[in-house]
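*Asks:* here are the coordinates; sequence isn't available:
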């Protein structure tokens, strides 16, 4: 635990999950100010937006925080002629929120280099990556700038690959976790290991600090993770349910109302496997059999999901949540953090 805290410059080994599209400056700052490591997800952010976000974070807290990016896996599609075919298949959802069918953009995502240039300027305490092992150049540049690197693993083999790649901390992500399955050595559907089985095996396989993530929402989850050998915990859904997060009321209600067995793994919203609620939109897209590859599907559904979020229409949003969502009963980040700290047995 002390090694993890010393590495990241934090007082307590409690990390905030990075929510791509649902991060907020207020929540990131609240976790950092409480002595943990706040995190902000930069999925889809271009360089200018990253710089603006980093400036807002610096204004909100003087404590360490992490910035999170998705590494390219090599199978991402570019905008092409099929864009409008897939867009028109989603037309009822655009109509439901009152937005036009989106035309083909120049790009679906900013380049990794553009994001990294802005991150280096921002100089966060940690660079958090998912969907792979960062290149030696990225790790070396981060370390040259005094930035720690964390990587997410869904299997023992992925954890070993991350350690061999020079990553400082491995985030062990159980199959219970909310949102996208960040597997990278094998398909996500073949990498479904529960946290209870995964953590001790990773602890035995690597020498870098191990952080447990997946359905940890209270002191019991923290104590269990520590007993399994984890150096710390990363918590998503319990913080997503708080008033400081960017989730709207419909999303918070879904978190508190959805039992573990009612969560679902689906590609409907993004083209990649992710855990959340099977709402009306997910059911309809799955039934249609028409799901564009990533990131086209994510971009296309994002056009109506953003407006649905503004209108508090939960049936038209991506309601990501983990299997521990019914344990997410607290309303403020401070309350969640205090509950998690109680599981550390360190006062």
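*Replies:* All right, it came through fine. A quick note: this is a predicted structure, and the numbers were derived from the prediction, not measured.
*Asks:* use CA for all of it now, contacts and neighbours both
*Replies:* Will do.
*Asks:* tell me where the chain has strands.
*Replies:* With DSSP state E as the criterion, the chain has strands at 14-16, 38-41, 65-70, 126-130, 148-153, 169-173, 179-180, 210-213, 232-235, 263-266, 274-277.
*Asks:* got the confidence number for the residue lying farthest from the centre of the chain?
*Replies:* Each residue of the chain has a distance to the centre, and by CA atoms, centre = their mean the biggest one is for residue 81: 30.5 Å. With respect to pLDDT, residue 81 scores 93.
*Asks:* for the stretch 51-200 of the chain, which spans come out with low pLDDT?
*Replies:* The model of the stretch 51-200 of the chain has no residue with pLDDT under 70.
*Asks:* sorry, wrong one. I was asking about the stretch 201-347 of the chain.
*Replies:* Across the stretch 201-347 of the chain, the ranges flagged by pLDDT under 70 are 346-347.
*Asks:* please enumerate the helices of it.
*Replies:* Counting by DSSP state H, counting those that start in this stretch, the stretch 201-347 of the chain has helices at residues 219-227, 237-240, 249-257, 280-288, 296-310, 333-341.
*Asks:* how about those helices, which one is nearest residue 150?
*Replies:* Among the helices of the stretch 201-347 of the chain, helix 219-227 comes nearest to residue 150, with 18.0 Å by CA to CA.
*Asks:* which positions in the closest one come out as buried?
*Replies:* Across helix 219-227, burial judged by 16 or more other CA atoms under 10 Å covers 219, 221-226.
*Asks:* picking up where we left off before, got the helices of the stretch 201-347 of the chain as a markdown table, with distance to residue 199 columns?
*Replies:* Shown next, in a markdown table, are those (distance: least, CA to CA, whole Å):
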| stretch | distance to residue 199 |
| --- | --- |
| helix 219-227 | 8 |
| helix 237-240 | 19 |
| helix 249-257 | 25 |
| helix 280-288 | 31 |
| helix 296-310 | 30 |
| helix 333-341 | 18 |
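*Asks:* which one, of the ones you listed, ends up nearest to residue 71?
*Replies:* Closest to residue 71 of the helices of the stretch 201-347 of the chain is helix 296-310 (CA to CA; 15.6 Å).
*Asks:* next, the angle helix 280-288 makes with the closest one.
*Replies:* When axes from the mean of the first three to the mean of the last three CA atoms, to 10 degrees is applied, the directions of helix 296-310 and helix 280-288 differ by 150 degrees.
*Asks:* so how far is helix 296-310 from its chain's centroid?
*Replies:* Centroid separation between helix 296-310 and its chain, computed with CA atoms, centre = their mean, to the nearest Å, is 17 Å.
*Asks:* give me the residues contacting that helix.
*Replies:* By CA atoms under 8 Å, 6 or more residues apart in numbering, the residues outside helix 296-310 that reach it are 77-79, 83, 86-87, 90, 93-94, 97, 99, 102, 108, 248, 268-271, 291, 314, 316-318.
*Asks:* what's the angle from it to helix 249-257?
*Replies:* Using the same axes, to 10 degrees: helix 296-310 against helix 249-257 is 100 degrees.
*Asks:* what are the buried residues along helix 296-310?
*Replies:* Under 16+ other CA under 10 Å, the buried positions of helix 296-310 are 296-309.
*Asks:* next, the contact list for residue 38, please.
*Replies:* Residue 38 neighbours (CA under 8 Å, 6+ apart): 15-17, 27-32, 64-66.
*Asks:* please redo it, this time with the cut-off set to 6 Å
*Replies:* Contact partners of residue 38, counting by CA atoms under 6 Å, 6 or more residues apart in numbering, are 16, 28, 31-32, 65.
*Asks:* CSV for the residues you listed, including distance to residue 122?
*Replies:* Below are the contacts of residue 38 laid out as CSV (distance: CA to CA, whole Å):
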residue, distance to residue 122
16, 19
28, 15
31, 19
32, 16
65, 11
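*Asks:* next, format the residues you listed as a markdown table and append neighbour count.
*Replies:* Shown next, in a markdown table, are the contacts of residue 38 (neighbours: other CA atoms under 10 Å):
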| residue | neighbour count |
| --- | --- |
| 16 | 27 |
| 28 | 31 |
| 31 | 25 |
| 32 | 25 |
| 65 | 30 |
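*Asks:* any idea which of those is closest to residue 194?
*Replies:* Using CA to CA, the contacts of residue 38 come closest to residue 194 at residue 16, 19.7 Å.
*Asks:* so that closest one versus residue 281, what's the distance?
*Replies:* In this view, residue 16 and residue 281 are 28 Å apart by CA to CA, to the nearest Å.
*Asks:* one more: residue 318?
*Replies:* Relative to residue 281, residue 318 is positioned 9 Å away (CA to CA).
*Asks:* all set now, cheers.
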